[in-house]
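>>> One predicted model, sequence on top.
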Amino acid sequence: MSEVMRSDPANADQARAWDGGEGAYWAEHADVFDKAMRAYHGAFFAAAGIGRGEAVLDIGCGTGETTRDAARIAVAGSAVGMDLSAAMLREARRRAAGEELDNVSFEQADVQVHPMPGEAFDVAISRTGTMFFADVAAAFRNVAAALRPGGRFVQLVWQEPARNEWFCAFRDSMAAGRTMPTPPPGAPGPFALADPGRIRAALAEAGFTGVVIRGQSAPMWFGADAGAAHRFLTGLLGWMLEGLDEEGRAGALHGLRRSLARHEQPDGVFYASAAWLVKAVRQT
Ligand SMILES: C[S@@+](CC[C@H](N)C(=O)[O-])C[C@H]1O[C@@H](n2cnc3c(N)ncnc32)[C@H](O)[C@@H]1O
């Protein structure tokens, strides 16, 4: 870790992954990850409704595409991105400097426990950055404390795996016939907030009202062609091949290649996905 970060011990696994190899891979492939999410961009920013003078907090901002876009809208305000990953934040800062944005900043922080400035933000946004907390309600309470009364909290989180073709296809290919362990419902990870009931309960416990949860589906892009997507995904998911013998590994990689080829279109490789767009307001 390059900055001193207060982190909840229960988030240690997430911190190790994001402030380690996983974050480094995301930092190196930021363009691919950003393009994968592009189809959600319009609905996400429409829901956030950022005003030109507003102060924006981006939770789990990663390499900061949404933080920088928020800063471009809040021209007379500011945007702060917080994340666990030093490597992703380095990339976020590099990009912000390259784009000559002077109203954007980034902090390495565990948003669940970070001592937030009180009532400092008009809106908190998060694009798939809120599903990794060990204690979601505690994290949402900390976000609430950072928001002005009446401030908005807008998140994009994944719906259940069965509604996310990309996840099922990659998992099944890499499993190569094995049954992969399913994490317990609600465990920190991409699908921790797939149950709208859990989101509502955590938001209510943290003092949010006016909760609106809208389903969104969009194609996700994984590369310009099947070859590029295969290189990207084997780098990202190579760890899933552990425990397979040589034949198993070859079978898994071949299965992944076949799936990607089936999803190749003239403008890239696309899989179906579904997310919840969640909007809530901090009690006044
Ligand atoms: C799936 S990535 C999304 C990154 C970014 N929002 C984007 O859309 O590209 C999830 C991000 O949440 C961050 N994260 C996970 N747990 C966190 C925590 N407790 N505090 C702050 N950031 C966290 C990770 O480091 C990672 O960058």
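Yep, it's here.

>>> Show me the helices in this protein, by range?
Taking DSSP state H as the criterion, the chain contains helices spanning 12-18, 21-28, 30-36, 41-48, 65-73, 86-98, 136-146, 165-175, 196-205, 226-237, 246-262.

>>> Can you flag the weakest of these by average pLDDT?
The stretch with the lowest mean pLDDT among the helices of the chain is helix 12-18, at a mean of 87.

>>> Now tell me what touches that one from outside.
For helix 12-18, contacts defined as C-beta atoms under 8 Å, 6 or more residues apart in numbering pick out M1, M5, S7, G23, D83, L84, S85, M88, D110, F132, A134, P188. Every C-beta, even on glycine, is put in place using the N, C-alpha and C of the backbone.

>>> change it to 6 Å
With contact meaning C-beta atoms under 6 Å, 6 or more residues apart in numbering, helix 12-18 is reached by S7, L84, S85, F132, P188.

>>> tell me, which of the residues you listed make contact with the ligand?
With C-beta under 6 Å from any ligand atom as the criterion, these include L84, S85, F132 near the ligand.

>>> Just send those back as a markdown table, with pLDDT too.
Converted to a markdown table, these look like this (pLDDT from 0 to 100):
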| residue | pLDDT |
| --- | --- |
| L84 | 96 |
| S85 | 97 |
| F132 | 97 |
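
>>> quick one: which of the residues you listed is nearest V32?
Distance to V32, by C-beta to C-beta, is smallest for S85 among these, at 16.2 Å.

>>> tally of neighbours for that closest one?
A count of nearby residues for S85, using other C-beta atoms under 10 Å, gives 27.

>>> try A134
Neighbours around A134, by other C-beta under 10 Å: 18.

>>> near the ligand, which residues of the stretch 51-200 of the chain show up?
The stretch 51-200 of the chain comes close to the ligand at residues 60-62, 65-66, 82-85, 88, 110-112, 127-129, 132-133, as judged by C-beta under 6 Å from any ligand atom.

>>> Out of those, which sit inside strands?
Mapping those onto strands (DSSP state E) picks out M82, D83, R127.

>>> Pipe those residues into JSON lines and attach neighbour count and pLDDT per row.
As requested, those are exported to JSON lines (neighbours: other C-beta atoms under 10 Å; pLDDT from 0 to 100):
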{"residue": "M82", "neighbour count": "24", "pLDDT": "98"}
{"residue": "D83", "neighbour count": "29", "pLDDT": "97"}
{"residue": "R127", "neighbour count": "26", "pLDDT": "98"}
